[in-house]
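Peer 1: can't give you the sequence, but here's the structure:
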(Lines give C-alpha, C1' and ligand atoms only; values in the text may rest on other atoms or scores of the structure.)
Protein backbone atom coordinates (compact mmCIF):
# COMPACT_ATOMS: atom_id res chain seq x y z
CA UNK A 1 0.00 0.00 0.00
CA UNK A 2 1.49 3.32 -1.11
CA UNK A 3 0.52 6.54 0.62
CA UNK A 4 0.04 9.49 -1.73
CA UNK A 5 1.38 12.65 -0.10
CA UNK A 6 -1.44 15.16 0.26
CA UNK A 7 -0.81 18.68 -1.02
CA UNK A 8 -2.55 20.28 1.96
CA UNK A 9 -0.11 18.75 4.50
CA UNK A 10 2.16 21.84 4.86
CA UNK A 11 -0.94 24.01 5.34
CA UNK A 12 -2.19 21.76 8.14
CA UNK A 13 1.18 21.68 9.89
CA UNK A 14 1.42 25.46 9.76
CA UNK A 15 -2.07 25.90 11.20
CA UNK A 16 -1.50 23.36 13.97
CA UNK A 17 1.51 25.42 15.04
CA UNK A 18 -0.45 28.69 15.15
CA UNK A 19 -3.97 27.75 16.37
CA UNK A 20 -5.34 25.81 19.32
CA UNK A 21 -7.69 23.63 17.25
CA UNK A 22 -7.68 22.45 13.66
CA UNK A 23 -10.83 21.23 11.93
CA UNK A 24 -10.53 19.16 8.74
CA UNK A 25 -13.81 18.73 6.84
CA UNK A 26 -14.47 16.57 3.81
CA UNK A 27 -16.68 13.82 2.43
CA UNK A 28 -16.35 10.25 3.64
CA UNK A 29 -13.35 8.31 2.29
CA UNK A 30 -11.39 11.33 1.02
CA UNK A 31 -8.56 10.37 3.40
CA UNK A 32 -8.97 12.61 6.45
CA UNK A 33 -7.98 9.98 9.04
CA UNK A 34 -5.12 8.63 6.92
CA UNK A 35 -3.74 12.12 6.36
CA UNK A 36 -3.78 12.97 10.08
CA UNK A 37 -2.19 9.59 10.93
CA UNK A 38 0.71 10.24 8.54
CA UNK A 39 1.18 13.95 9.19
CA UNK A 40 0.64 13.89 12.98
CA UNK A 41 1.65 10.43 14.31
CA UNK A 42 2.23 11.85 17.80
CA UNK A 43 -1.47 12.58 18.34
CA UNK A 44 -3.73 10.33 20.39
CA UNK A 45 -6.81 9.21 18.47
CA UNK A 46 -10.53 8.84 19.21
CA UNK A 47 -13.22 8.00 16.66
CA UNK A 48 -16.81 9.05 17.25
CA UNK A 49 -18.02 6.49 14.72
CA UNK A 50 -17.59 4.15 17.71
CA UNK A 51 -20.78 4.26 19.78
CA UNK A 52 -19.10 3.53 23.14
CA UNK A 53 -16.46 6.22 22.63
CA UNK A 54 -19.20 8.67 21.71
CA UNK A 55 -21.30 7.74 24.72
CA UNK A 56 -18.42 8.28 27.15
CA UNK A 57 -17.62 11.67 25.58
CA UNK A 58 -21.25 12.71 26.05
CA UNK A 59 -21.99 11.29 29.51
CA UNK A 60 -18.57 11.56 31.17
CA UNK A 61 -16.59 14.18 29.24
CA UNK A 62 -13.97 14.75 31.95
CA UNK A 63 -13.26 11.02 32.14
CA UNK A 64 -13.12 10.85 28.34
CA UNK A 65 -10.40 13.52 28.19
CA UNK A 66 -8.48 11.85 31.00
CA UNK A 67 -8.41 8.68 28.93
CA UNK A 68 -7.69 10.62 25.74
CA UNK A 69 -5.21 13.38 26.63
CA UNK A 70 -4.01 16.08 24.27
CA UNK A 71 -2.65 16.31 21.69
CA UNK A 72 -5.78 14.55 20.51
CA UNK A 73 -7.33 13.79 17.13
CA UNK A 74 -11.11 13.24 17.22
CA UNK A 75 -12.59 11.79 14.03
CA UNK A 76 -16.26 12.34 13.01
CA UNK A 77 -16.62 14.90 15.78
CA UNK A 78 -20.00 16.10 14.48
CA UNK A 79 -21.57 12.92 15.88
CA UNK A 80 -21.23 14.36 19.38
CA UNK A 81 -21.15 18.13 19.16
CA UNK A 82 -21.58 18.51 22.93
CA UNK A 83 -17.90 17.69 23.35
CA UNK A 84 -17.00 21.05 21.80
CA UNK A 85 -17.91 22.89 25.00
CA UNK A 86 -15.46 20.74 26.95
CA UNK A 87 -12.78 21.33 24.31
CA UNK A 88 -13.41 25.07 24.63
CA UNK A 89 -12.71 24.90 28.37
CA UNK A 90 -9.53 22.90 27.85
CA UNK A 91 -8.04 25.21 25.23
CA UNK A 92 -9.01 28.33 27.17
CA UNK A 93 -7.00 27.13 30.16
CA UNK A 94 -3.78 26.91 28.16
CA UNK A 95 -1.80 28.90 25.62
CA UNK A 96 -0.56 25.72 23.97
CA UNK A 97 -1.12 25.44 20.22
CA UNK A 98 -2.34 22.43 18.31
CA UNK A 99 -4.05 20.70 21.23
CA UNK A 100 -6.86 19.27 19.11
CA UNK A 101 -7.31 18.12 15.54
CA UNK A 102 -10.95 17.46 14.69
CA UNK A 103 -12.44 16.00 11.53
CA UNK A 104 -15.88 15.29 10.16
CA UNK A 105 -17.91 14.68 7.03
CA UNK A 106 -20.84 17.03 7.65
CA UNK A 107 -19.39 20.44 6.92
CA UNK A 108 -22.26 22.80 7.76
CA UNK A 109 -23.14 20.99 11.00
CA UNK A 110 -19.49 21.27 12.02
CA UNK A 111 -19.25 24.92 11.04
CA UNK A 112 -22.34 25.70 13.12
CA UNK A 113 -20.93 23.88 16.14
CA UNK A 114 -17.56 25.58 15.79
CA UNK A 115 -19.06 29.06 15.48
CA UNK A 116 -21.09 28.50 18.64
CA UNK A 117 -18.37 26.89 20.79
CA UNK A 118 -14.93 27.46 19.33
CA UNK A 119 -15.15 30.81 17.54
CA UNK A 120 -11.70 32.35 17.28
CA UNK A 121 -10.04 29.15 18.51
CA UNK A 122 -10.24 26.92 15.46
CA UNK A 123 -8.80 26.93 11.94
CA UNK A 124 -11.06 25.27 9.36
CA UNK A 125 -9.76 23.47 6.27
CA UNK A 126 -11.31 21.24 3.63
CA UNK A 127 -9.85 17.98 2.34
CA UNK A 128 -11.09 16.84 -1.04
CA UNK A 129 -10.51 13.71 -3.07
CA UNK A 130 -7.14 13.29 -4.73
CA UNK A 131 -6.27 15.94 -7.30
CA UNK A 132 -4.51 15.17 -10.56
CA UNK A 133 -1.50 17.03 -9.18
CA UNK A 134 -1.38 14.64 -6.21
CA UNK A 135 -1.96 11.51 -8.29
CA UNK A 136 0.80 12.51 -10.72
CA UNK A 137 3.18 13.68 -7.96
CA UNK A 138 3.19 17.33 -9.01
CA UNK A 139 4.36 19.46 -6.06
CA UNK A 140 3.06 22.78 -7.46
CA UNK A 141 0.43 24.00 -4.99
CA UNK A 142 -1.10 27.30 -6.04
CA UNK A 143 -4.78 27.75 -6.74
CA UNK A 144 -5.75 27.97 -10.39
CA UNK A 145 -6.32 31.36 -11.93
CA UNK A 146 -5.58 31.96 -15.64
CA UNK A 147 -3.31 34.95 -15.12
CA UNK A 148 -0.02 35.34 -16.99
CA UNK A 149 2.08 35.00 -13.79
CA UNK A 150 0.23 31.80 -12.81
CA UNK A 151 0.65 30.29 -16.28
CA UNK A 152 4.39 31.02 -16.32
CA UNK A 153 4.86 29.55 -12.86
CA UNK A 154 2.76 26.49 -13.68
CA UNK A 155 4.85 25.80 -16.77
CA UNK A 156 7.89 25.17 -14.57
CA UNK A 157 6.25 21.96 -13.37
CA UNK A 158 4.03 20.63 -16.12
CA UNK A 159 3.49 16.86 -16.29
CA UNK A 160 1.60 15.17 -19.08
CA UNK A 161 -1.31 13.30 -17.55
CA UNK A 162 -2.22 9.77 -18.71
CA UNK A 163 -5.58 9.09 -20.37
CA UNK A 164 -7.79 11.74 -18.80
CA UNK A 165 -10.95 9.69 -19.40
CA UNK A 166 -9.60 6.91 -17.21
CA UNK A 167 -9.10 9.50 -14.47
CA UNK A 168 -12.59 10.97 -14.93
CA UNK A 169 -14.18 7.53 -14.81
CA UNK A 170 -12.10 6.21 -11.91
CA UNK A 171 -12.76 9.16 -9.61
CA UNK A 172 -10.63 10.61 -6.87
CA UNK A 173 -11.12 8.55 -3.71
CA UNK A 174 -7.70 7.51 -2.34
CA UNK A 175 -8.61 3.85 -1.78
CA UNK A 176 -8.92 3.35 -5.54
CA UNK A 177 -5.27 4.38 -5.88
CA UNK A 178 -4.00 2.77 -2.68
CA UNK A 179 -4.98 -0.83 -3.40
CA UNK A 180 -6.21 -2.76 -6.42
CA UNK A 181 -9.85 -2.25 -5.47
CA UNK A 182 -12.64 -3.21 -7.82
CA UNK A 183 -14.29 -0.01 -9.05
CA UNK A 184 -17.89 -1.19 -8.87
CA UNK A 185 -17.39 -2.83 -5.48
CA UNK A 186 -15.87 0.34 -4.03
CA UNK A 187 -18.65 2.66 -5.18
CA UNK A 188 -21.39 0.19 -4.24
CA UNK A 189 -19.95 0.02 -0.72
CA UNK A 190 -19.47 3.80 -0.65
CA UNK A 191 -23.11 4.51 -1.48
CA UNK A 192 -24.32 1.96 1.10
CA UNK A 193 -22.05 3.42 3.82
CA UNK A 194 -23.02 6.99 2.94
CA UNK A 195 -26.73 6.15 3.14
CA UNK A 196 -26.32 4.23 6.39
CA UNK A 197 -24.07 6.63 8.28
CA UNK A 198 -24.79 10.10 6.96
CA UNK A 199 -28.28 10.12 5.50
CA UNK A 200 -29.88 8.30 8.44
CA UNK A 201 -28.44 10.95 10.75
CA UNK A 202 -29.66 13.92 8.73
CA UNK A 203 -33.03 12.85 7.33
CA UNK A 204 -35.46 9.96 7.52
CA UNK A 205 -35.73 8.78 3.95
CA UNK A 206 -36.25 5.47 2.25
CA UNK A 207 -32.80 4.38 1.05
CA UNK A 208 -34.05 3.20 -2.34
CA UNK A 209 -35.84 6.49 -3.00
CA UNK A 210 -32.81 8.49 -1.89
CA UNK A 211 -30.53 6.42 -4.15
CA UNK A 212 -32.92 7.13 -7.04
CA UNK A 213 -32.65 10.81 -6.15
CA UNK A 214 -28.83 10.66 -6.12
CA UNK A 215 -28.91 9.00 -9.54
CA UNK A 216 -31.23 11.68 -10.93
CA UNK A 217 -28.90 14.41 -9.64
CA UNK A 218 -25.79 12.65 -10.98
CA UNK A 219 -27.41 12.55 -14.42
CA UNK A 220 -27.69 16.34 -14.24
CA UNK A 221 -24.17 17.20 -13.10
CA UNK A 222 -22.96 20.34 -14.83
CA UNK A 223 -26.50 21.66 -15.34
CA UNK A 224 -28.62 24.35 -13.74
CA UNK A 225 -30.71 22.94 -10.90
CA UNK A 226 -34.31 22.24 -11.89
CA UNK A 227 -35.98 21.17 -8.65
CA UNK A 228 -39.37 20.50 -10.24
CA UNK A 229 -37.86 18.26 -12.91
CA UNK A 230 -35.97 16.15 -10.36
CA UNK A 231 -39.02 15.97 -8.08
CA UNK A 232 -41.14 14.65 -10.95
CA UNK A 233 -38.58 11.96 -11.77
CA UNK A 234 -38.02 10.83 -8.19
CA UNK A 235 -41.64 11.04 -7.10
CA UNK A 236 -41.27 13.33 -4.09
CA UNK A 237 -42.13 16.98 -3.48
CA UNK A 238 -40.06 19.92 -4.70
CA UNK A 239 -39.32 21.13 -1.11
CA UNK A 240 -38.02 17.62 -0.36
CA UNK A 241 -35.67 17.79 -3.35
CA UNK A 242 -34.35 21.16 -2.14
CA UNK A 243 -33.75 19.67 1.30
CA UNK A 244 -32.00 16.60 -0.10
CA UNK A 245 -29.73 18.61 -2.39
CA UNK A 246 -28.74 20.61 0.68
CA UNK A 247 -27.84 17.30 2.36
CA UNK A 248 -25.68 16.29 -0.62
CA UNK A 249 -23.92 19.63 -0.41
CA UNK A 250 -23.41 19.47 3.37
CA UNK A 251 -21.88 16.00 3.17
CA UNK A 252 -19.49 16.88 0.36
CA UNK A 253 -21.16 14.91 -2.45
CA UNK A 254 -22.05 17.90 -4.65
CA UNK A 255 -20.99 21.50 -5.13
CA UNK A 256 -23.58 24.17 -5.88
CA UNK A 257 -22.09 26.89 -8.10
CA UNK A 258 -23.71 30.28 -7.71
CA UNK A 259 -24.37 32.66 -10.64
CA UNK A 260 -22.37 35.87 -10.81
CA UNK A 261 -24.52 38.81 -9.84
CA UNK A 262 -24.01 42.45 -10.68
CA UNK A 263 -26.58 45.22 -10.98
CA UNK A 264 -25.68 45.88 -14.62
CA UNK A 265 -26.31 42.25 -15.63
CA UNK A 266 -30.07 42.70 -15.57
CA UNK A 267 -30.73 39.73 -17.84
CA UNK A 268 -28.56 37.28 -15.93
CA UNK A 269 -30.13 34.01 -14.81
CA UNK A 270 -30.12 33.55 -11.03
CA UNK A 271 -30.39 29.74 -10.92
CA UNK A 272 -27.32 27.92 -9.50
CA UNK A 273 -25.59 25.00 -11.20
CA UNK A 274 -24.78 21.69 -9.58
CA UNK A 275 -21.64 19.56 -9.89
CA UNK A 276 -20.79 16.21 -8.37
CA UNK A 277 -17.55 16.46 -6.41
CA UNK A 278 -16.37 13.08 -7.68
CA UNK A 279 -16.87 12.07 -11.29
CA UNK A 280 -16.31 8.39 -10.48
CA UNK A 281 -19.31 8.41 -8.15
CA UNK A 282 -21.39 10.23 -10.77
CA UNK A 283 -20.39 7.61 -13.36
CA UNK A 284 -21.27 4.75 -11.00
CA UNK A 285 -24.70 6.17 -10.19
CA UNK A 286 -25.53 6.76 -13.86
CA UNK A 287 -24.14 3.32 -14.88
CA UNK A 288 -21.30 4.37 -17.12
CA UNK A 289 -19.20 1.31 -16.32
CA UNK A 290 -16.15 1.92 -18.53
CA UNK A 291 -14.06 4.93 -19.45
CA UNK A 292 -14.47 4.18 -23.16
CA UNK A 293 -18.28 4.14 -22.93
CA UNK A 294 -18.22 7.40 -20.98
CA UNK A 295 -15.90 9.10 -23.48
CA UNK A 296 -18.28 8.36 -26.34
CA UNK A 297 -21.50 9.08 -24.46
CA UNK A 298 -23.93 11.98 -24.64
CA UNK A 299 -22.93 13.02 -21.11
CA UNK A 300 -19.19 13.21 -21.84
CA UNK A 301 -19.21 17.02 -22.08
CA UNK A 302 -20.93 17.46 -18.72
CA UNK A 303 -18.62 14.92 -17.05
CA UNK A 304 -15.56 16.67 -18.48
CA UNK A 305 -16.85 20.02 -17.20
CA UNK A 306 -17.59 18.48 -13.79
CA UNK A 307 -14.05 17.08 -13.66
CA UNK A 308 -12.46 20.45 -14.50
CA UNK A 309 -14.57 22.35 -11.95
CA UNK A 310 -13.69 19.78 -9.29
CA UNK A 311 -9.95 20.08 -10.04
CA UNK A 312 -10.11 23.87 -9.78
CA UNK A 313 -11.89 23.66 -6.43
CA UNK A 314 -9.24 21.20 -5.21
CA UNK A 315 -6.49 23.64 -6.16
CA UNK A 316 -8.04 26.17 -3.77
CA UNK A 317 -8.64 23.72 -0.93
CA UNK A 318 -5.15 22.24 -1.13
CA UNK A 319 -3.64 25.70 -0.71
CA UNK A 320 -5.92 26.36 2.25
CA UNK A 321 -7.95 28.93 0.31
CA UNK A 322 -11.69 29.56 0.51
CA UNK A 323 -13.30 29.55 -2.93
CA UNK A 324 -16.85 30.35 -1.74
CA UNK A 325 -16.71 33.99 -2.85
CA UNK A 326 -14.29 33.60 -5.75
CA UNK A 327 -15.87 31.21 -8.28
CA UNK A 328 -19.13 31.77 -10.17
CA UNK A 329 -20.74 31.24 -13.57
CA UNK A 330 -22.74 33.52 -15.84
CA UNK A 331 -25.71 32.86 -18.06
CA UNK A 332 -27.90 35.54 -19.56
CA UNK A 333 -29.27 37.14 -22.68
CA UNK A 334 -28.05 40.46 -24.00
CA UNK A 335 -30.53 42.73 -25.75
CA UNK A 336 -28.90 42.11 -29.12
CA UNK A 337 -28.50 38.34 -28.69
CA UNK A 338 -31.05 35.85 -30.01
CA UNK A 339 -30.13 33.13 -27.50
CA UNK A 340 -28.70 32.85 -24.01
CA UNK A 341 -24.95 33.19 -23.55
CA UNK A 342 -22.90 31.49 -20.86
CA UNK A 343 -19.48 31.73 -19.24
CA UNK A 344 -18.76 28.38 -17.61
CA UNK A 345 -16.69 29.84 -14.78
CA UNK A 346 -15.75 33.30 -13.57
CA UNK A 347 -12.87 33.49 -11.11
CA UNK A 348 -12.68 36.77 -9.22
CA UNK A 349 -9.37 37.78 -7.69
CA UNK A 350 -8.15 41.22 -6.60
CA UNK A 351 -10.90 42.99 -8.52
CA UNK A 352 -10.17 41.11 -11.75
CA UNK A 353 -12.71 38.78 -13.39
CA UNK A 354 -11.18 35.84 -15.28
CA UNK A 355 -13.67 34.18 -17.67
CA UNK A 356 -13.18 30.45 -18.29
CA UNK A 357 -14.76 28.16 -20.83
CA UNK A 358 -14.57 24.37 -20.42
CA UNK A 359 -14.78 22.51 -23.72
CA UNK A 360 -14.31 18.85 -24.58
CA UNK A 361 -12.42 19.64 -27.76
CA UNK A 362 -8.90 19.49 -29.09
CA UNK A 363 -9.61 22.30 -31.56
CA UNK A 364 -10.77 25.39 -29.61
CA UNK A 365 -11.96 28.51 -31.43
CA UNK A 366 -11.77 32.17 -30.49
CA UNK A 367 -15.55 32.41 -30.80
CA UNK A 368 -15.85 30.19 -27.71
CA UNK A 369 -14.88 33.22 -25.66
CA UNK A 370 -17.27 35.65 -27.34
CA UNK A 371 -19.45 36.07 -24.23
CA UNK A 372 -16.49 37.27 -22.15
CA UNK A 373 -17.02 40.88 -23.17
CA UNK A 374 -20.20 41.03 -21.06
CA UNK A 375 -17.87 41.39 -18.06
CA UNK A 376 -16.66 44.73 -19.41
CA UNK A 377 -19.99 46.24 -18.34
CA UNK A 378 -19.28 45.70 -14.66
CA UNK A 379 -17.98 48.89 -13.00
CA UNK A 380 -14.93 48.80 -10.73
CA UNK A 381 -13.94 45.38 -12.11
CA UNK A 382 -11.39 44.55 -14.77
CA UNK A 383 -11.65 41.66 -17.20
CA UNK A 384 -8.58 39.46 -16.99
CA UNK A 385 -7.15 36.94 -19.43
CA UNK A 386 -9.81 34.52 -20.63
CA UNK A 387 -9.08 30.80 -20.80
CA UNK A 388 -10.52 27.81 -22.60
CA UNK A 389 -9.64 24.63 -20.72
CA UNK A 390 -9.83 21.82 -23.21
CA UNK A 391 -8.12 18.75 -24.70
CA UNK A 392 -5.58 20.72 -26.72
CA UNK A 393 -1.96 19.49 -26.61
CA UNK A 394 -0.24 22.77 -25.83
CA UNK A 395 -0.95 26.31 -24.68
CA UNK A 396 -2.29 28.34 -27.60
CA UNK A 397 -3.28 32.02 -27.69
CA UNK A 398 -6.45 32.48 -29.76
CA UNK A 399 -6.53 36.23 -29.15
CA UNK A 400 -4.38 38.53 -27.07
CA UNK A 401 -6.84 38.20 -24.20
CA UNK A 402 -7.86 34.56 -24.73
CA UNK A 403 -5.71 31.44 -24.30
CA UNK A 404 -6.50 27.75 -24.75
CA UNK A 405 -4.95 25.63 -21.99
CA UNK A 406 -4.48 21.86 -21.68
CA UNK A 407 -5.96 20.21 -18.60
CA UNK A 408 -2.46 19.94 -17.09
CA UNK A 409 -2.42 23.68 -16.40
CA UNK A 410 -4.98 23.39 -13.58
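Peer 2: Structure's in. What do you need? Because the structure is predicted, anything quoted here is derived from the model rather than measured. Numbers count the residues shown, from 1 in each chain.

Peer 1: biggest strand in the protein, by residue count?
Peer 2: When the chain is parsed with DSSP state E, its longest strand is strand 341-349.

Peer 1: right, and residue 88 touches residue 121 too?
Peer 2: Yes: if you go by Cβ atoms under 8 Å, residue 88 and residue 121 touch, sitting 6.9 Å apart. (C-beta placed from N, C-alpha, C; glycine too.)

Peer 1: next, the buried residues of the longest strand of the chain.
Peer 2: 341, 343, 344, 345, 346, 347, 348 (16 or more other Cβ atoms under 10 Å).

Peer 1: and for the closest residue to the fourth one other than its chain neighbours, the neighbour number?
Peer 2: By the measure of Cβ to Cβ, 6 or more residues apart in numbering, the closest residue to residue 345 outside its immediate chain neighbours is residue 356, 4.1 Å from it. Here the neighbour count serves as a burial measure; for residue 356 (other Cβ atoms under 10 Å) it reads 25.

Peer 1: list the strands paired with the helix or strand containing residue 356, with their directions.
Peer 2: Element membership of residue 356 [criterion: DSSP states H and E] is strand 352-358. Using DSSP bridges, strand 352-358 pairs in its sheet with strand 341-349 (antiparallel), strand 382-383 (parallel), strand 386-390 (parallel).

Peer 1: can I get those in CSV with distance to residue 271 and mean pLDDT?
Peer 2: Listed next are the strands paired with strand 352-358 as CSV, based on distance: least, Cβ to Cβ, whole Å; pLDDT from 0 to 100:
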stretch, distance to residue 271, mean pLDDT
strand 341-349, 12, 94
strand 382-383, 24, 96
strand 386-390, 23, 98
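
Peer 1: for residue 270, find the nearest of these.
Peer 2: strand 341-349 (13.7 Å; Cβ to Cβ).

Peer 1: show residues contacting the closest one.
Peer 2: Residues from elsewhere that reach strand 341-349, judged by Cβ atoms under 8 Å, 6 or more residues apart in numbering: 144-147, 257, 260, 305, 309, 312, 325-334, 353-358, 370-372, 374-375, 381, 384.

Peer 1: which of the residues you listed fall within helices?
Peer 2: Using DSSP state H, 305, 309, 312 are the members of the contacts of strand 341-349 that sit in helices.

Peer 1: does the last one touch residue 327 like I think?
Peer 2: Yes: taking Cβ under 8 Å as the definition, residue 312 is a contact partner of residue 327 at 7.1 Å.

Peer 1: could you work out the end-to-end span of stretch 262-275 for me?
Peer 2: 23 Å (Cα to Cα, to the nearest Å).

Peer 1: any idea how far residue 128 is from the residue lying closest to residue 207 once chain neighbours are set aside?
Peer 2: What sits nearest to residue 207 in space, not counting adjacent residues and going by Cβ to Cβ, 6+ apart, is residue 195, at 4.9 Å. Going from residue 195 to residue 128 by Cβ to Cβ, to the nearest Å gives 21 Å.

Peer 1: ok, these two, which is more surrounded?
Peer 2: Set side by side, residue 195 and residue 128 show more neighbours around residue 128, with 27 against 16, by other Cβ under 10 Å.

Peer 1: for residue 194, give its distance to residue 29.
Peer 2: For residue 194 relative to residue 29 (Cβ to Cβ), the value is 9 Å.

Peer 1: whoops, I mixed them up, residue 135
Peer 2: For residue 135, the distance to residue 29 - Cβ to Cβ - is 16 Å.
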